[in-house]
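fold the following and give me the result.
(one chain, ligands or ions: 1)
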Amino acid sequence: MTASTITRFAPSPTGYLHLGHAASALFAVRNAGPDGRFLLRIEDIDQTRCRPEYVAAIYEDLAWLGLRWKTPVREQSHHMADYQAVQDRLYEMGLLYPCFCTRKDIQAEINRIGNAPHGPDGALYPGTCRHIGATERADRIAAGESYALRLNMADACRYVAGPLFWQDRVAGKQIAIPEIFGDVVLARKDTPTSYHLSVTHDDHLQGISLVTRGEDLFFASHLHRLLQELLGYDVPDYHHHRLLTGPDGKRYAKRDQSKTLRAIRAEGIAVADVMRQASQV
Ligand code: GLU
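Residues are numbered from 1 along each chain as shown. A predicted model of the protein is given here:
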């Protein structure tokens, strides 16, 4: 007997949900199937951008669509100690280092190098703080300097030794190339985590067997596969779906207030019509 599929929808409450979210949530529900489980996760680690009213709206909008999820819902902001523990593990493995550069410092260094390599999130970090010695690091941290914790990508890749693979239901078997992210930020002084760290941890913790999400996050899976290997986590399958676009051919965005599910509801549009549009991914 094959194990039943566990999927999740993991919105960030930084705005109201729009039709694209409805499509993504419905996609996850359908892929769980009648014998599987569909979970909801609130990805609210960025407390400067997330708002309680958007969290409340997520529950309300999904319920309006008639979607049902298994409880408990994991709200990430309640689990910062878990992420701190993951960060500590990576730190003790010698794979994280503090980076004291400001955005301006990084840009200046990139300009100086010229022709810096680019990854999915823009120019790669040029490695300025990678070789700062232990004493200077400790002194600067003790002096209260702000810092981010970056993954030493070369060391991390050496640590896992050998190619890593993941299965994407659209793109097929993929060889992971986490190097495209360079020394990516995994945590900050004031926030013990990042999207990449918490999503990888939670997908493992919640036993997600199929990660469904939009194709805009396809490249993130290269990095998540590396983190899974470093942390000894299970490897789910992936299905990156195409993004729903509006009549103008553009994808829906949170900043476009007129396309939010609550605006659609206020217009009196029937749920069945919304679901018909949402099922097109
Ligand atoms: N929280 C992410 C977002 O709202 C999605 C994360 C994921 O599905 O992996 O874009």
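
what number of residues lie near Arg51?
Applying other CB atoms under 10 Å, we find 13 residues neighbouring Arg51. All C-beta spots, glycine's among them, are computed from the backbone N, C-alpha and C.

so who does it touch?
Neighbour list for Arg51: Pro13, Thr14 [criterion: CB atoms under 8 Å, 6 or more residues apart in numbering].

which other helices and strands does the helix or strand hosting Asp202 contact?
Using DSSP states H and E, Asp202 sits within helix 195-205. Secondary-structure packing of helix 195-205 (3 or more CB pairs under 8 Å, 6 or more residues apart in numbering; DSSP states H and E): helix 80-92, strand 185-188, helix 220-231.

mind checking these for the one nearest to the ligand?
helix 220-231 (6.9 Å; CB to the nearest ligand atom).

ok so, going back, kindly reformat the helices and strands packed on helix 195-205 as JSON lines containing distance to Cys101 and mean neighbour count.
As requested, those are exported to JSON lines (distance: least, CB to CB, whole Å; neighbours: other CB atoms under 10 Å):
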{"stretch": "helix 80-92", "distance to Cys101": "19", "mean neighbour count": "15"}
{"stretch": "strand 185-188", "distance to Cys101": "10", "mean neighbour count": "22"}
{"stretch": "helix 220-231", "distance to Cys101": "20", "mean neighbour count": "22"}
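
mean pLDDT for those - can I get that in a markdown table?
Listed next are those as a markdown table, based on pLDDT from 0 to 100:
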| stretch | mean pLDDT |
| --- | --- |
| helix 80-92 | 98 |
| strand 185-188 | 98 |
| helix 220-231 | 98 |
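
what average pLDDT does the helix holding Asp202 get?
The average pLDDT within helix 195-205 is 98.

give me the residues contacting the helix or strand just after it.
Downstream of helix 195-205, the next assigned helix or strand under DSSP H and E is strand 210-214. Under the contact criterion CB under 8 Å, 6+ apart, strand 210-214 has outside partners 5-10, 20, 24, 27-28, 31-32, 169, 203, 221, 236-243.

near the ligand, which residues of the chain? Just list them.
Ala10, Pro11, Ser12, Glu43, Val199, Arg213, Leu217 (CB under 6 Å from any ligand atom).

of these, buried ones?
Among the residues of the chain next to the ligand, those classed as buried by 16 or more other CB atoms under 10 Å are Ala10, Pro11, Ser12, Glu43, Val199, Arg213.

can you point out the buried residues in stretch 274-281?
Residues Val274, Gln277, Ala278, Val281 are the ones in stretch 274-281 that count as buried (16+ other CB under 10 Å).

what is the mean pLDDT for that stretch?
This predicted structure assigns stretch 274-281 an average pLDDT of 94.

are any of the contacts of strand 210-214 buried, and which?
Among those, the ones that count as buried by 16+ other CB under 10 Å are 5-10, 20, 24, 27-28, 31-32, 203, 221, 236, 238-241.

so how far is the ligand from Tyr252?
According to CB to the nearest ligand atom, to the nearest Å, Tyr252 stands 12 Å off from the ligand.

I'd say that residue and His18 touch.
Yes. Using CB atoms under 8 Å, Tyr252 makes contact with His18 at a distance of 4.2 Å.

what residue lies at the spatial centre of the chain?
Nearest to the geometric centre of the chain sits Tyr195, at 4.2 Å (CA atoms, centre = their mean).

list the contacts for that one?
Listed by CB under 8 Å, 6+ apart, the contact partners of Tyr195 are Glu43, Ile45, Ala220.

what about it, distance to Phe9?
15 Å (CB to CB, to the nearest Å).

before we move on, back to that, so which of the contacts of strand 210-214 sit within strands?
Counting by DSSP state E, the contacts of strand 210-214 place Ile6, Thr7, Arg8, Phe9, Asp237, Tyr238, His239, His240, His241 in strands.

including distance to Arg265, could the residues of the chain next to the ligand go into CSV?
Listed next are the residues of the chain next to the ligand as CSV, based on distance: CB to CB, whole Å:
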residue, distance to Arg265
Ala10, 22
Pro11, 17
Ser12, 21
Glu43, 23
Val199, 29
Arg213, 24
Leu217, 27
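
hang on, the earlier thing: what would the buried residues of stretch 274-281 look like in a markdown table with secondary structure?
What follows is those, written out as a markdown table (DSSP: H, G, I helix; E, B strand; the rest coil):
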| residue | secondary structure |
| --- | --- |
| Val274 | helix |
| Gln277 | helix |
| Ala278 | helix |
| Val281 | coil |
